[in-house]
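# from the sequence below, what's the structure:
(one chain, ligands or ions: 3)
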Amino acid sequence: MITCSAPAKVYLFGEHAVVYNESAICCAVNMRTRVNIEYSENIVIKSSLGTTGIDYEIHPYVSAVVEKIRKKSPCRGVSISIESDIPVGSGLGSSAAVVVATICAFNNLLKLGMDKESIASFGHSIEKEIQGAASATDTYVSTMGGTIEVPKRRHLKNPLCNLIIGNTNVFSSTGQLVAKVASLKSIYPEIITPILSTIGKTSLRGEGLLENEDYRALGELMDVNQGLLEAIGVGCDELSRLIHSSRAAGAFGAKITGAGGGGCMLALADNENIDAISREIKNAGGIPIITGVTDSGVRVDFDNE
Ligand SMILES: Nc1ncnc2c1ncn2[C@@H]1O[C@H](COP(=O)(O)OP(=O)(O)O)[C@@H](O)[C@H]1O
Ligand SMILES: C[C@@](O)(CCOP(=O)(O)O)CC(=O)O
Ligand SMILES: [Mg+2]
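Ligands and ions are numbered 1, 2, ... in the order given. This next block holds a predicted model:
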């Protein structure tokens with residue numbers, strides 16, 4: 001059996017805009033999806049979502065990886081079982097983590113010789129196929145770990161302050177949210193395109209602030225980015241409640257992370273404010289998760305093949 005794992009991610013800046021090639025800053029964080037793989041008679045995919053064969057309803061991402069790999073390198077059946085600490089459909093990149101960890105598992109089982117760049121780019125092709133339109137960000141960051149600016153794929157300094165996630169527990173589908181932004185952009189291109197470009201500028205300014213460890217200014221620009229995400233229609237009441245409570249409890253800044261429409265928000269904070277922010281996220285109906293950046297991207301955890 002082989003076990004590979006890959007991390008979740010949060011966006012400091014730039015989700016949605018990055019689908020249109022604007023800049024984003026994204027960090028891999030300490031929650032992982034583990035994929036176990038071994039040879040078997042048939043294709044079996046087992047996760048908290050169910051046990052299936054190739055099944056594009058229940059396991060679209062994993063099914064697409066299996067089919068694409070088997071087209072390139074025909075092999076007998078495999079049994080894949082997935083365990084994950086990443087909440088599904090919450091903006092933390094569970095889809096990218098499961099895709100990247102599954103590709104890494106096949107890479108080692110079938111000795112495909114893919115390097116990390118190839119795993120990331122294969123992962124991106126799967127996200128595009130299933131999500132509709134997708135940036136390379138989630139799969140690249142889950143593969144490489146650390147803090148990365150996309151589209152240039154430059155590694156940046158990790159934020160040294162605290163990252164507090166608030167999960168609304170409202171499921172949201174990234175594909176649907178990306179399609180909603182695309183539709184708004186096609187109806188009002190002269191309004192939506194500059195908003196996306198301004199989101200990209202918050203990310204470009206954010207880079208220098210991250211380098212200088214100016215978390216107060218970084219938070220201020222995250223708040224600006226949040227306003228622009230609201231403007232493109234990916235906010236919701238539950239997220240707003242958690243964001244405003246976090247700011248009131250002393251966060252440097254707070255915004256949606258990932259696709260929005262539910263899922264998670266992210267607050268930046270120093271040590272003194274963590275407890276108050278976590279408490280206020282809970283009082284506002286959310287689930288707080290205190291996390292940190294991991295430099296460990298996709299990796300092999302176990303291999304006895
Ligand atoms: N642990 C998992 N096991 C199987 N499929 C998963 C797992 N985690 C995520 N997925 C797939 O990814 C989809 C969610 O992806 P997406 O809508 O992009 O949300 P996000 O990536 O923000 O969690 C799920 O509906 C499922 O198809
Ligand atoms: C909205 C988007 O920028 C990020 C989506 O992240 P998630 O799947 O919600 O974790 C889409 C993308 O970059 O492909
Ligand atoms: Mg996703």
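# how about the contacts made by the residue of the stretch 101-250 of the chain at minimum distance from ligand 3?
As assessed by CB to the ion, ligand 3 sits closest to Thr174 within the stretch 101-250 of the chain, at 4.3 Å. For every residue, glycine as well, the C-beta is placed using N, CA and C. Going by CB atoms under 8 Å, 6 or more residues apart in numbering, Thr174 touches 89, 91, 95, 131, 134, 258-259.
# show me which of these neighbour ligand 3.
Counting by CB under 5 Å from the ion, Ser95 from the contacts of Thr174 sit close to ligand 3.
# which of the contacts of Thr174 tops the neighbour count?
Highest neighbour count within the contacts of Thr174, by other CB atoms under 10 Å: Gly91, with 31 neighbours.
# SS state for it?
Put simply, Gly91 is coil when judged by DSSP: H, G, I helix; E, B strand; the rest coil.
# is the single longest strand found in the chain in proximity to ligand 3?
Ranked by residue count under DSSP state E, the longest strand found in the chain is strand 24-39. No. Residues of strand 24-39 are not located near ligand 3 by CB under 5 Å from the ion, the shortest gap being 11.5 Å.
# and the stretch 51-200 of the chain, which residues reach ligand 2?
The stretch 51-200 of the chain comes close to ligand 2 at residues 91-93, 95, 134-135, 137-138, 174, 178, as judged by CB under 6 Å from any ligand atom.
# let's see 5 Å
Residues of the stretch 51-200 of the chain lying close to ligand 2 by CB under 5 Å from any ligand atom are 91, 93, 134-135, 137, 174.
# pull out the buried positions in stretch 143-160.
Within stretch 143-160, the residues that count as buried by 16 or more other CB atoms under 10 Å are 143-151, 156, 158-159.
# I should have written stretch 236-249 there, sorry.
Buried residues in stretch 236-249, counted by 16+ other CB under 10 Å: 236, 238-243, 245-247, 249.
# tell me the centre residue of the chain?
A centroid search over the chain (CA atoms, centre = their mean) returns Gly93, at 2.6 Å, as the residue closest to the centre.
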